[in-house]
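**Q** any chance you could fold what I've pasted below:
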Amino acid sequence: MTDTPKYTTQLQAGLGLVPETLKLLAAWEPGMSGQDLFKVALASGDFPAVTARRLQNVVTEAFRSRYLTDGGAPAKLLKAISKALSRDEFRSLCFLFTCRANPILAEFVRQVYWPRYATGVSSVSKKESLQFVASAVADGRTTRPWSETTVTRVASYLLGACVDFGLLGVMKTGVRPILTFRITPNVASILAHDLHFRGLGANALLKSPDWRLFGLEADDVLGELKRLSLRGELILQSAGSLVQVSWKLKSMEELVDGITKG
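**A** Below you'll find the model as predicted:
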């Protein structure tokens, strides 16, 4: 049994950072550390409005934790596939990796955003974000007790990140409207294969909490896998609670190649 990850304030280094991520991916090469990337990005002149200190925080505190894990696998994937994806698809993958690096954002989306969406509520307020963060602190979910000021800041970061990733709209009358946010076949395929190559069996894959970031439960995921089988990327057999998947592709590189070639 693994320990539940503690919440941090790491989102303060950057919220969605989607345009910045594209620029940093262009500068990044496999094997580069976060510090190496900072030096290259600083010298590139692609961030003229950003101070050196701010750029270093973005690279070492945000980009590195999101995309340079697992030997840089997320960065390799995004760099290879970014031109073949729509803007929204690329943003959805950035959202996935950001949530993996920031459990507080992932749980906010799963516990606050999607339940409100499912019940037909049209917005999320700062009060609800504040309540979520305050409850987390009271439950001992943070690395250490947070001050009221920190709670307020983190609550704001959560809403801001959801805006950057397309889950929420701009503030209107004190609340942020919930936007339509759906997984596309390409993103579903990338996530399914990523989980498979991480060693998850079919049933564990269906129940991965990553799918709930997109509002999908196990039955919904099964529907996505059926659609992927029609695309020829896998062979799916399901009968009752028994699900078997035969994966045709042997690596993420093969998947990227297939999506890139259309």
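**Q** pLDDT below threshold where in this protein?
**A** 1-3 (pLDDT under 70).
**Q** how is it partitioned into domains?
**A** Residue ranges for the domains of the chain, per automatic domain parsing: 10-84, 103-177, 185-261.
**Q** can you list these in CSV and add distance to Phe90?
**A** Using the backbone N, CA and C atoms, a C-beta is placed for each residue, glycine as well. Shown next, in CSV, are the domains of the chain (distance: least, Cβ to Cβ, whole Å):
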stretch, distance to Phe90
domain 10-84, 6
domain 103-177, 11
domain 185-261, 9
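**Q** could I get those as JSON lines with mean neighbour count and distance to Thr4?
**A** Listed next are these as JSON lines, based on neighbours: other Cβ atoms under 10 Å; distance: least, Cβ to Cβ, whole Å:
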{"stretch": "domain 10-84", "mean neighbour count": "17", "distance to Thr4": "16"}
{"stretch": "domain 103-177", "mean neighbour count": "17", "distance to Thr4": "7"}
{"stretch": "domain 185-261", "mean neighbour count": "16", "distance to Thr4": "12"}
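**Q** now do the same end-to-end measure for stretch 130-144.
**A** Length of stretch 130-144, first residue to last, Cα to Cα, to the nearest Å: 17 Å.
**Q** skip the chain neighbours and tell me the closest residue to Phe197.
**A** In space, and not counting its chain neighbours, Phe197 is closest to Met252: 6.1 Å by Cβ to Cβ, 6 or more residues apart in numbering.
**Q** and the gap between the one you found and Leu85?
**A** 14 Å (Cβ to Cβ, to the nearest Å).
**Q** residues making contact with the lengthiest helix in the chain?
**A** Assignment by DSSP state H gives helix 148-164 as the longest helix of the chain. Contacts with helix 148-164, where a contact means Cβ atoms under 8 Å, 6 or more residues apart in numbering, come from 9, 11-12, 15-18, 98, 102, 104-105, 108-109, 113, 124, 126, 129-130, 132-134, 137, 146, 168-170, 176.
**Q** which strand or helix spans Gly31?
**A** Counting by DSSP states H and E, Gly31 is held by no secondary-structure element, helix or strand.
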